[in-house]
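In: model this:
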Amino acid sequence: MHDDERPQQPKQTNGRMGAAGGILVALGLALAKFKTLLAVLFSFKWLILAPKLLLSFGSMFLSVWLYAQWFGGWKIAVVFVLMILVHELGHFLTWRNYGVKAALPLFIPGFGAFVSAPATGTPAQNVAAALAGPAFGIAAAAVCWGYAFFLGEPGLAPQMRFWTGCAYIGFFINLFNLIPTPPFDGGAIAWAIDGRLWIVGIALLGAFVLFFGHSVFAIVILLLMLVTAVPRVIAMFRGELDPHGSGLLPVQRWLTFAAYIGLMLIAVGGAAATFVERQS
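Out: Next up, the predicted model:
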């Protein structure tokens, strides 16, 4: 009996050692993963990127909250902000494609959003990035319109045409942004063509403010016009700004003009076709 029992003791010891070894291996793997996670969390690049992401997304969510108060509902506010986001991503991705280190879109609640980029692009790249925002936004609106047709919304009651309404918001935002005066993209595009188009833009904004009276949106637009557009037009009349000083070649100006008019026509047609009058 003793001879049979002696060989069994090493087996128990080996089993315990194997279990202990397995635990140590598991702990080692866990520590390795934890170390890797710490390395990622505390890496220099992540520490730089995290505040930028927080600022960008935080400003976006704050804008959703503000527009929800203005429009009386969070659904329209979300659509409004997402349409602005797609527009700004057009600028961002275009700049990045050119190798320009553009920043992530930053929202200013009540004033829209913007993408900042260092002034390292060529005149052609500058105008291409300006055109890309409205192009992306109009394309997003067209996708919503197509999906509305897919769902059969044209045959539904006006209050049930959600995706048609989304399309209208996209077309309208980008059409408004194409007004040829600073600080809109239309102002940058107009400067690339002929800076004197800013005068037309100021006239359009003035008519808009008069039409909408004392609304919050009209007041915001009036402030933007007074701060950004009017001083530049005055400087141009004084000879301090060359209306053809964008640096584009003549053929590039004509191509820019054709793209600008094309986007305007699509946005006007899309907004007119997707407008749904609210039912009282």
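In: what about the nearest residue to Leu263 once chain neighbours are set aside, distance to Phe171?
Out: Leaving aside its chain neighbours, Leu263 sits nearest to Pro134 (5.2 Å; criterion: CB to CB, 6 or more residues apart in numbering). (Each C-beta comes from the backbone N, C-alpha and C, glycine too.) For Pro134, the distance to Phe171 under the criterion CB to CB, to the nearest Å works out to 10 Å.
In: what's the answer for Ile138, then?
Out: According to CB to CB, Ile138 and Phe171 sit 7 Å apart.
In: need the overlap of contacts for the two.
Out: Taking CB atoms under 8 Å, 6 or more residues apart in numbering as the contact criterion, the common neighbours of Ile138 and Phe171 are 267, 270.
In: okay, and the common contacts of Pro134 and Phe171?
Out: Counting by CB under 8 Å, 6+ apart, the shared contacts of Pro134 and Phe171 are Ala267.
In: contact partners for the residue nearest the centre of the chain?
Out: To find the centre residue of the chain, average its C-alpha atoms and take the closest one (CA atoms, centre = their mean): that gives Leu85, at 2.4 Å. Counting by CB under 8 Å, 6+ apart, Leu85 touches 60, 105, 113.
In: where does the residue nearest to Thr274 when sequence neighbours are not counted sit: helix, strand or coil?
Out: Nearest in space to Thr274, with sequence neighbours left out and distances taken as CB to CB, 6+ apart, is Tyr168 at 4.0 Å. Of the three states, Tyr168 takes helix under DSSP: H, G, I helix; E, B strand; the rest coil.
In: pretty sure Tyr168 is touching Ala267, no?
Out: No. Using CB atoms under 8 Å, Tyr168 makes no contact with Ala267, being 10.8 Å away.
In: pLDDT weak spots in the stretch 51-200 of the chain?
Out: Scanning the stretch 51-200 of the chain for pLDDT under 70 picks out 51-57.
In: related to what we said a few turns ago, could the contacts of Leu85 go into TSV alongside secondary structure, distance to Thr164 and neighbour count?
Out: Listed next are the contacts of Leu85 as TSV, based on DSSP: H, G, I helix; E, B strand; the rest coil; distance: CB to CB, whole Å; neighbours: other CB atoms under 10 Å:
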residue	secondary structure	distance to Thr164	neighbour count
Met60	helix	24	20
Pro105	coil	26	23
Ala113	strand	24	20
